[in-house]
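K.L.:
here are the coordinates; sequence isn't available:
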């Protein structure tokens, strides 16, 4: 039985002004990084005909970011616990801004591919550092609420970023959204440099002096390997479906390109309201219970979504809202649970390896989806999108069992006994 009284007390925890600032600035930071990746999905319907590339080539553009992010995350993991997390964050964020500007300047498929690699090298490490800062700053009992707010970055990128990005792309060109992201990120970086305090508590307990020894000890720890295994499949669904979602809506569901921003906007507004609420429920009723709810809902909705035929816009919006509610439930609860696996002295390295695995797994998923999905001619309906839905649903089903093991491991670590 969960110690319900303790959970309820923690759900009433009052955050200090600085804690609120940390949550807000990390949410804004995640907004820019997530938007940089997510903006490619709605731009798919514009980029593929604009650059004259196939679905498999577009899948490789998406995967290029993920593969480079995974490689850099693994290389940086050994050093993640050797320095002030604030300095690490700023170093990689500056590189991310430069890479995004590069994306906004290229004019060919190969240059865009290179630009995504550069952006991924820096952007792929930012998420792991941010989550390490959250884990160092907030206790497990309130971490669901924090994750719920930070994960609003995904919803905010739909509400504000993706519609604006689509507007800029359709009224100017596809370079404009990247320049918008770079401008916002530059402002966020200045605030972090001026206002965020150093994060150095983890340096007191670090035992491994050699970065590669530290990385090996973290990556080979049997207790940590369970978390890595769960992460391997967590990103599969999103990475397989999202890059091709707009092309599917335009060509299969027959939604006009001019209505895409409306769909993303309304879905994002609903997700923004759902995120903090779901985070609070995770702290109050149990993070694994929320994960089960989100997984079951996501499996059902992924199957429905990938089988959609021509439908009115309101049907697509309703389907998207329910689907993203399930996905948000999974993301918030799994992020909170997985953050409780490592010890403080290993958090940076653990989050780095974890992020690397997530990025590489997602990159493979995007590339495989690009091979499965087939478009026989320009503007023709995508073929085999339903097959991708079945693969994503199976991966979600498997993670239910894997996250059960993680939940039990974290609960034993915190001395909280579950039914």
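P.N.:
Nice, I can see it. Note that the structure is predicted; figures quoted are calculated from it, not measured. Residues are numbered from 1 along each chain as shown.

K.L.:
got any ranges where the stretch 51-200 of the chain has weak pLDDT?
P.N.:
55, 77-81, 154-155, 157-162 (pLDDT under 70).

K.L.:
how about the helices in it?
P.N.:
Assigned by DSSP state H, counting those that start in this stretch, the stretch 51-200 of the chain shows helices spanning 55-77, 85-103, 109-137, 140-150, 152-156, 162-171, 176-195.

K.L.:
do you know which of those lies nearest residue 33?
P.N.:
Residue 33 lies closest to helix 109-137 among the helices of the stretch 51-200 of the chain, at 5.3 Å (Cβ to Cβ). Where you see a C-beta, it was placed from the backbone N, CA and C, and this is true even at glycine.

K.L.:
now the angle from the closest one to helix 140-150?
P.N.:
Helix 109-137 runs at 150 degrees relative to helix 140-150, counting by axes from the mean of the first three to the mean of the last three Cα atoms, to 10 degrees.

K.L.:
picking that back up, Throw the helices of the stretch 51-200 of the chain into JSON lines and include mean neighbour count and distance to residue 222, thanks.
P.N.:
JSON lines is the format used below for the helices of the stretch 51-200 of the chain (neighbours: other Cβ atoms under 10 Å; distance: least, Cβ to Cβ, whole Å):
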{"stretch": "helix 55-77", "mean neighbour count": "23", "distance to residue 222": "18"}
{"stretch": "helix 85-103", "mean neighbour count": "21", "distance to residue 222": "26"}
{"stretch": "helix 109-137", "mean neighbour count": "23", "distance to residue 222": "20"}
{"stretch": "helix 140-150", "mean neighbour count": "24", "distance to residue 222": "21"}
{"stretch": "helix 152-156", "mean neighbour count": "23", "distance to residue 222": "32"}
{"stretch": "helix 162-171", "mean neighbour count": "19", "distance to residue 222": "41"}
{"stretch": "helix 176-195", "mean neighbour count": "17", "distance to residue 222": "36"}
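
K.L.:
would you turn the ones you listed into JSON lines with distance to residue 336?
P.N.:
Below are those laid out as JSON lines (distance: least, Cβ to Cβ, whole Å):
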{"stretch": "helix 55-77", "distance to residue 336": "20"}
{"stretch": "helix 85-103", "distance to residue 336": "19"}
{"stretch": "helix 109-137", "distance to residue 336": "9"}
{"stretch": "helix 140-150", "distance to residue 336": "5"}
{"stretch": "helix 152-156", "distance to residue 336": "14"}
{"stretch": "helix 162-171", "distance to residue 336": "26"}
{"stretch": "helix 176-195", "distance to residue 336": "23"}
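
K.L.:
of those helices, which is nearest residue 267?
P.N.:
That would be helix 152-156 among these, by Cβ to Cβ, at 8.1 Å.

K.L.:
host element of the residue sitting nearest the centre point of the chain?
P.N.:
With distances taken as Cα atoms, centre = their mean, residue 34 lies nearest the centre of the chain, 6.4 Å away. Using DSSP states H and E, residue 34 sits in helix 17-38.

K.L.:
now residue 371
P.N.:
In the assignment (DSSP H and E), residue 371 maps to helix 347-372.

K.L.:
contacts for the helix holding residue 34 next, please.
P.N.:
15, 65, 89, 93, 96, 100, 103, 119, 123, 126-127, 130, 133-134, 137-138, 146, 149-154, 156-158, 161-162, 165, 178, 181, 184-185, 188, 191-192, 195-197, 242 (Cβ atoms under 8 Å, 6 or more residues apart in numbering).

K.L.:
how big is the angle separating that helix from helix 347-372?
P.N.:
The directions of helix 17-38 and helix 347-372 differ by 30 degrees, with the same axes, to 10 degrees as the criterion.

K.L.:
in helix 17-38, what's buried?
P.N.:
22-23, 25-38 (16 or more other Cβ atoms under 10 Å).

K.L.:
quick check, nearest of these to residue 365?
P.N.:
For the buried residues of helix 17-38, the nearest to residue 365 is residue 37 (13.3 Å; Cβ to Cβ).

K.L.:
quick one: the closest one and residue 165, what's the gap?
P.N.:
Using Cβ to Cβ, to the nearest Å, we find residue 37 at a distance of 12 Å from residue 165.

K.L.:
circling back to that earlier point, and the pLDDT for the residue nearest to the centre of the chain?
P.N.:
At residue 34, the model reports a pLDDT of 81.

K.L.:
how about the one 4 residues further on?
P.N.:
Residue 38 carries a pLDDT score of 72 in this model.

K.L.:
one more: residue 21?
P.N.:
Confidence score, pLDDT, at residue 21: 90.

K.L.:
could you check the angle helix 347-372 makes with the helix or strand just after the helix holding residue 371?
P.N.:
Downstream of helix 347-372, the next assigned helix or strand under DSSP H and E is helix 385-413. Relative orientation of helix 385-413 versus helix 347-372 (the same axes, to 10 degrees): 160 degrees.

K.L.:
could I get the average pLDDT for helix 385-413?
P.N.:
Mean pLDDT, taken over the full extent of helix 385-413, equals 86.

K.L.:
show me what that helix is packed up against.
P.N.:
Packing contacts for helix 385-413, counted by 3 or more Cβ pairs under 8 Å, 6 or more residues apart in numbering; DSSP states H and E, involve helix 222-234, helix 236-241, helix 287-306, helix 313-339, helix 347-372.

K.L.:
name the helices or strands packed onto the following helix or strand past the second one?
P.N.:
Same thing as helix 236-241. With elements assigned by DSSP H and E, the helix or strand that comes after helix 236-241 is helix 245-251. The criterion is 3+ Cβ pairs under 8 Å, 6+ apart, and the helices and strands that helix 245-251 contacts are helix 40-51, helix 260-285.
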